[in-house]
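Q: Quick check, what structure comes out for this input:
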Amino acid sequence: METTVLKIGGGILRDKDCFDRVVNIVKQNKENGTQQILVLSALYGVTDFLIESTHKSLHSDKEIEATIHKLKEMHKQYIGFVENKEVKEKAEFEIDDKISILEKFLYGVSYLKELSPRSKDMIQSYGERLSPIVLEAILNDHGVDAKFVDAEDAGIYCKGDFEKALVEMNSTTKALHENISPLLKENIILLPGYYGIDDAEVKTFGRGGTDYSAGVLANVFSAKLEIWKDVSGFMSADPKAVKDAVQINNLSYDEAEELGYLGAKILHPKTIAPLREKELFAEIKNLFDPDKKGTTISGKKDVCDLIVKSIATNKDIGIITVKSSSMVNSPGFASKIFRKLAEKEIPIDLICTGETAVSFSVNESDIEAAAEQLQSLNDTIPCTISSEKELAMIGIIGECMKDSKGIAGKLFTAMGENNINVELISQGASEINISFVVNRNNVDKAVEIAHKTFMGE
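A: The predicted structure is shown next:
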């Protein structure tokens, strides 16, 4: 029997109509004989609320009671849609029970005056622990046999660091087939995204990690993956910047991965690896237009009708330049720079090197910390460190770029002719993307120029 994994973003579950739409989709799939696993993000606003509340708890316990009350309210407002008294009371009890455990963690943070990565991951996992309880109740209220199994009981195991763990595929696959496969025959299964268990410790996969969870589950069950959002897929550019932007029908794994890394928020790039391993399909689906064909992601390569398929942007970029005449013929200078940044867990995007300077881009929020961390380089090698803010990164993506000549020349000629100054340029080793940095004030104009250059009027 065919299995489909449906990842449902919490941001689209905002009112009764949205939940009813999900119920209708699940019912239709069930009528077609499809086994379904639903993977939920935290409900709208919950993860940000948990992050904010955790930091408040660190400084004082005075607002914890109000935090707990608000969190219950954020979930019980949706349980209010449930008419069956028994189903409603069961869901409310489970919400209260889980939040009571969370409350203890918040008081622990407050009393100890310590917020470790371990505590952060545990607390932030609660958005994904609570949202499936709500949807399970609503589905059961509509006569759909749905069962929520949390990560501990399902056996979603992980490894790695807090806030950026990865699923341990062998043990997870074995556990899910033992614990979940028998239940699928009679039930719609709801599983949490975003976190897993490493030797009894909760570790999250990072923001957007529920997409990755869904990709892993698709891999385990050799299932098709549907990512349900409020749009039908990736666009050729941000419609706010380019009025003629169009939906992309198909993307390769590499294209979708690059777009994710460059800032497109449709799909987390870590989702692709488990799909690629088994050559599985994923489709972006629109909750508000469910019959519309969305962007399909697969290992299939398109015929090269368009050399550039999409343009993505990240509008919160800064550049740091480390300059030193001592770099010349000095092995390991670049490694010293990046080792310093790794110590502070500061990620790097684009890198450009010359004989006497290294320039690289980081998130604008990391600029001050990165520059300060690098000052100690002067203890061994004299250098100057400069930084620039209020920049944006633009990436043009397309599999067919690797077989086409003159793309960079055409792109940057168009930028120059329109007085767009380019601060930094990088072409990926895969040759399917060219990324460059411009002043943030020019980003929309630059995107529009690039779109017109490669995709017509």
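Q: Can you pull out the low-pLDDT segments for the stretch 201-350 of the chain?
A: Along the stretch 201-350 of the chain, segments meeting pLDDT under 70 span 302-304, 329.
Q: give the contact list for Gly193.
A: Going by Cβ atoms under 8 Å, 6 or more residues apart in numbering, Gly193 touches 7, 39-41, 128, 205, 209-214. Where you see a C-beta, it was placed from the backbone N, CA and C, and this is true even at glycine.
Q: how close does Glu345 get to Thr47?
A: According to Cβ to Cβ, to the nearest Å, Glu345 and Thr47 sit 20 Å apart.
Q: between these two, which one's more packed in?
A: Between Glu345 and Thr47, counted using other Cβ atoms under 10 Å, Thr47 has the larger neighbour count: 21 against 11.
Q: list the contacts for that one?
A: When contacts are counted by Cβ under 8 Å, 6+ apart, Thr47 is found next to 41, 124, 127, 207.
Q: least confident pick among the residues you listed?
A: Least confident of these in the model: Arg207, at 84.
Q: Could you report the neighbour count for it?
A: Arg207 - counted by other Cβ under 10 Å - has 13 other residues nearby.
Q: Tell me the secondary structure at it.
A: With DSSP: H, G, I helix; E, B strand; the rest coil as the basis, Arg207 sits in coil.
Q: Just the ones of the contacts of Thr47 in helices?
A: Judged by DSSP state H, the subset of these located in helices is 124, 127.
Q: For Leu135, give its distance to Glu448.
A: Taken as Cβ to Cβ, the span from Leu135 to Glu448 is 40 Å.
Q: do the same with Ser404
A: 21 Å.
Q: returning to what we had before: just flag the most distant two among the contacts of Thr47.
A: Ser41 and Gln124 (12.0 Å; Cβ to Cβ).
Q: Tell me where the stretch 301-450 of the chain has strands.
A: According to DSSP state E, counting those that start in this stretch, the stretch 301-450 of the chain carries its strands in the segments 310-323, 351-353, 357-363, 384-397, 422-427, 433-439.
Q: Make JSON lines out of those and add mean neighbour count.
A: As requested, the strands of the stretch 301-450 of the chain are exported to JSON lines (neighbours: other Cβ atoms under 10 Å):
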{"stretch": "strand 310-323", "mean neighbour count": "22"}
{"stretch": "strand 351-353", "mean neighbour count": "14"}
{"stretch": "strand 357-363", "mean neighbour count": "20"}
{"stretch": "strand 384-397", "mean neighbour count": "20"}
{"stretch": "strand 422-427", "mean neighbour count": "17"}
{"stretch": "strand 433-439", "mean neighbour count": "22"}
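Q: Centre-most residue in the protein?
A: Gly208 (2.7 Å; Cα atoms, centre = their mean).
Q: Isn't it up against His268?
A: Yes. The criterion here is Cβ atoms under 8 Å, and Gly208 meets it with His268 at 3.9 Å.
Q: which stretches of the stretch 351-457 of the chain have low pLDDT?
A: Under the criterion pLDDT under 70, the flagged ranges of the stretch 351-457 of the chain are 428-430, 457.
Q: Now with 80, please.
A: For the stretch 351-457 of the chain, the stretches with pLDDT under 80 are 403, 428-431, 456-457.
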